[in-house]
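> 3D model of this:
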Amino acid sequence: MKILILSYSSLLYSIGLYFKYKDMNQYKLKIVVFNNKNIVKFLLYIGIKEKDIVYYEYQLVHTLHPYKIAKNFIWMKKFYKSNIDNIENEIIYMFNKNECLEIFDLYYRIRKKNEIRYVNFDPEINCKKNVSFKKLIYKLYNKLYIKVPYDVKFLGGYLPVIKDSLIKSIGYNREEVDTIKCNFSKNAIIILETDIFKCSYCKRPDYISDSTNIYNQISKGVDSQVYIKPHPIFNNIYYKVNDKDKIIEDFIPIEFMINDGGVDVVIGAMSMALIYAVKSGVKNVISTIKLYNFIDNEEKNKIITWLIEETDNKIVMPCSLKELGEIMNNITGGGKQSVNVFN
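Here you go, the predicted structure:
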């Protein structure tokens, strides 16, 4: 049995499957992780044996240079023959269909000699924009490498999505599994850092100033324990953290942090983790995206719309630092806000 982890969205469920089946002798169980060493660190952190984890780096380089295209093709074929093609008579769990085209394709090629169980953990991507020409170019480029049927959507960039018809044919119901718990302080507040500057949405001075003001507004006005979660890729915090607040290891995922129900508030700018927090029943989920000075406001509005649609408008988006302070004041029971952090 192989359990593929391609994103944090399915992480806790994947771990639950591991502990459900690990002692059953008929299964040679492996958790397979691609392109994310932080997930491996977390698996080891919670006690999963290193021998039960397989890690791969697998990313094709998009290039128009003929030599590099040929090099890509040869490298992909070697990787497939060495690591994937010899898998047979296995149960393979997969959970993600968005933006994981190259990896999904590897296992699609061995579907006839294995049982693939797809359990969906990805949100639907709705894009009304007609991108037929761009879609054609993108598919022509990938024709050499990709066999799995897929669609291309465009939302600030190319978004390859595995075709629904295939997903339905390998769809599998979620099983009952036990999930691990995180013991945070009661009524805890989590700040999720997303480096909007490194994402090229903001200029560095603007991002540092906005992040500092937002953090000060949150931290100075509450008595609850504040945990700051760096982004697992960027791992940057641009403001000075108060002594009373705690920085969480960057490899510990939000899915684990909110799993015990002790977290009262999750705050961030534009993360999938915000959507996960809403759908997981966190009482107060706040996006601070409107408080950042974006280079392109049209891009900001797209992200705002995406957050609203994915959370059924259950996410709170303050329009000013003062409004953020009032929201925090109401949530935490009337603690006095510092006027010095208002703009």
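
> can you give me the helices for this structure?
With DSSP state H, the ranges of helices along the chain come out as 11-21, 37-45, 66-83, 101-108, 132-142, 164-170, 204-219, 254-257, 272-279, 297-310, 321-331.

> looking at these, which has the lowest confidence?
Here the lowest mean pLDDT among the helices of the chain goes to helix 132-142, at a mean of 76.

> what's the angle from that helix to helix 101-108?
60 degrees (axes from the mean of the first three to the mean of the last three CA atoms, to 10 degrees).

> Use 137 as the first number for this chain going forward.
OK, 137 is where the count begins now, so the last one is helix 268-278.

> Would you mark the buried spots in helix 268-278?
Using 16 or more other CB atoms under 10 Å as the test for burial, helix 268-278 gives 271, 274, 278. Where C-beta positions appear, they are placed from N, C-alpha and C, glycine not excepted.

> Report the contact partners of the closest residue to Gln361 other than its chain neighbours.
Excluding the flanking residues, the one nearest Gln361 by CB to CB, 6 or more residues apart in numbering is Ser321, at 4.0 Å. Ser321 sits next to 360-361, 398 when contact means CB atoms under 8 Å, 6 or more residues apart in numbering.

> what's Ser321 sitting at in phi/psi?
phi -60, psi 150 (degrees, to the nearest 10).

> quick one: it and Tyr363, what's the gap?
Distance, Ser321 to Tyr363, using CB to CB, to the nearest Å: 8 Å.

> Also Leu457?
21 Å.

> same thing with Leu242?
37 Å.

> now swap in Thr315 and tell me
19 Å.

> Give me the more crowded residue out of the two.
Using other CB atoms under 10 Å as the criterion, Thr315 and Tyr363 rank with Tyr363 on top: 20 against 13.

> Ends of stretch 351-361, what's the gap?
13 Å (CA to CA, to the nearest Å).

> and that stretch, how far from the chain's centre?
Relative to the centre of its chain, stretch 351-361 is centred 26 Å away, using CA atoms, centre = their mean, to the nearest Å.

> from what I can see Leu147 touches Ile141, true?
Yes. At 6.1 Å, Leu147 counts as touching Ile141 under the criterion of CB atoms under 8 Å.

> Looking at those two, which is more packed in?
Ile141 (26 against 22).

> For that one, list the residues it contacts.
So Ile141 contacts 147, 150, 167-170, 172, 175, 231 (CB under 8 Å, 6+ apart).

> Residues in a beta bridge with it, which ones?
As for beta bridges, Ile141 partners with Val169 under DSSP bridges.

> any idea how far Tyr192 is from it?
11 Å.

> Give the residues shared as contacts by those two.
Shared contacts of Ile141 and Tyr192 (CB under 8 Å, 6+ apart): 168-170.

> Of these, which is the nearest to Phe387?
Val169 (11.8 Å; CB to CB).

> number of nearby residues for the nearest residue to Ser146 once chain neighbours are set aside?
If you skip the residues right next to it in sequence, Ser146 has Phe231 as its closest partner in space, 3.5 Å away by CB to CB, 6+ apart. The tally of other residues near Phe231 (other CB under 10 Å) stands at 24.

> what does the model give Phe231 for pLDDT?
For Phe231, pLDDT reads 94.

> quick one: Thr348 and Ile373 touch, right?
No. Using CB under 8 Å, Thr348 is not in contact with Ile373; the gap is 10.2 Å.
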